[in-house]
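# Quick one: sequence and predicted model below, then my questions.
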Amino acid sequence: MTATVFTEAVHPMAPLIEAVHNLSIDEVVIAASQTIVVGQVLGSTGLTSTETISGAAAAGNVGTTTIGSLSTSASAVNGVYNVVQLTAGATGEFEVGRPDGTIDGVGKIGTAYAGSINFTLTTGGSPAVGDSFSITVTRPFDEAGEQFEAWNPANTDGSQSAIAIAMYPATTGAGQTARIAAVRRDATVRASDLTWNGSATAAQIAYATQQLAAKNIILR
């Protein structure tokens, strides 16, 4: 006799272990053509097309390194990134810090850096250890047009940033929206109940976890 195995879906609100206060959960609008399950990690669409990125050398720099060829990738966030030279020399290493204080990556002078932001440091002759650069990303957001969909690190409309967790399911068709409750901030949720993008890498999920932690959404 062959046994039939049933898998029970996560029940509404089940991922929530603790809400710090009554503002931890908001009603959010789910965008069209979405299939959202309880525990789905959500991103928010609404980025405008007027994104800017600019770089500047710190006032106290003593070396000759310059920065250029700046652009953003899908995982870029609003705020100031900090680039610090770790070693000297024509191919000296530097570290890139994200606006939330976590590390985006390490690169080398003279080689294009490709992370959540993209740029190239050029030696200029005499790189100096400790010299730094600030890179400011401004991604204007249309709050009135904000809608939520399944987090996808490959997107560029804002939903590549993990900012919420669905507490109810929703299925929307073309041109349809739905409203559900979602954890937006200051809460502890059960990590085993979460649904991530199936194509996301371990590194992308780790970064998304940091994005949630920045909103004091803690996974246990």
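That came through, no problem.

# In this structure Ile53 contacts Arg139, no?
No. Between Ile53 and Arg139 there is no contact under CB atoms under 8 Å: 9.1 Å. (Glycine included, C-beta is placed from N, CA and C.)

# Mutual contacts of these two, please.
Shared contacts of Ile53 and Arg139, defined by CB atoms under 8 Å, 6 or more residues apart in numbering, comprise Thr72, Ala76.

# Domains in this structure, by residue range?
Structural domains assigned to the chain are 16-47+143-219, 52-138, following automatic domain parsing.

# just those domains: most buried one?
domain 16-47+143-219 (a mean of 18; mean count of other CB atoms under 10 Å).

# The helix or strand containing Thr188 packs against which elements?
Taking DSSP states H and E as the definition, Thr188 sits inside strand 187-189. With contacts defined as 3 or more CB pairs under 8 Å, 6 or more residues apart in numbering; DSSP states H and E, strand 187-189 has these neighbours: strand 16-19, strand 217-219.

# would you list those in CSV and tack on distance to Gly110 and mean pLDDT?
Converted to CSV, the helices and strands packed on strand 187-189 look like this (distance: least, CB to CB, whole Å; pLDDT from 0 to 100):
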stretch, distance to Gly110, mean pLDDT
strand 16-19, 48, 96
strand 217-219, 39, 97
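
# Would you mind giving those as TSV with distance to Ser161 added?
Output for the helices and strands packed on strand 187-189, formatted as TSV (distance: least, CB to CB, whole Å):
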stretch	distance to Ser161
strand 16-19	21
strand 217-219	13
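
# circling back: partner strands of the strand holding Thr188, parallel or antiparallel?
Partner strands for strand 187-189, per DSSP bridges, with pairing direction: strand 16-19 (antiparallel), strand 217-219 (parallel).

# Quick one: end-to-end distance for stretch 41-51.
25 Å (CA to CA, to the nearest Å).

# again with stretch 34-46
By CA to CA, the extent of stretch 34-46 from end to end equals 16 Å.

# just how off-centre is that stretch within its chain?
Stretch 34-46 sits 14 Å away from the centroid of its parent chain (CA atoms, centre = their mean, to the nearest Å).

# Quick check: the gap between the closest residue to Ala187 other than its chain neighbours and Met13.
Setting aside the residues directly before and after it, Ala187 is nearest to Ser24 in space (CB to CB, 6 or more residues apart in numbering), at 4.3 Å. Distance of Ser24 to Met13, given as CB to CB, to the nearest Å: 12 Å.
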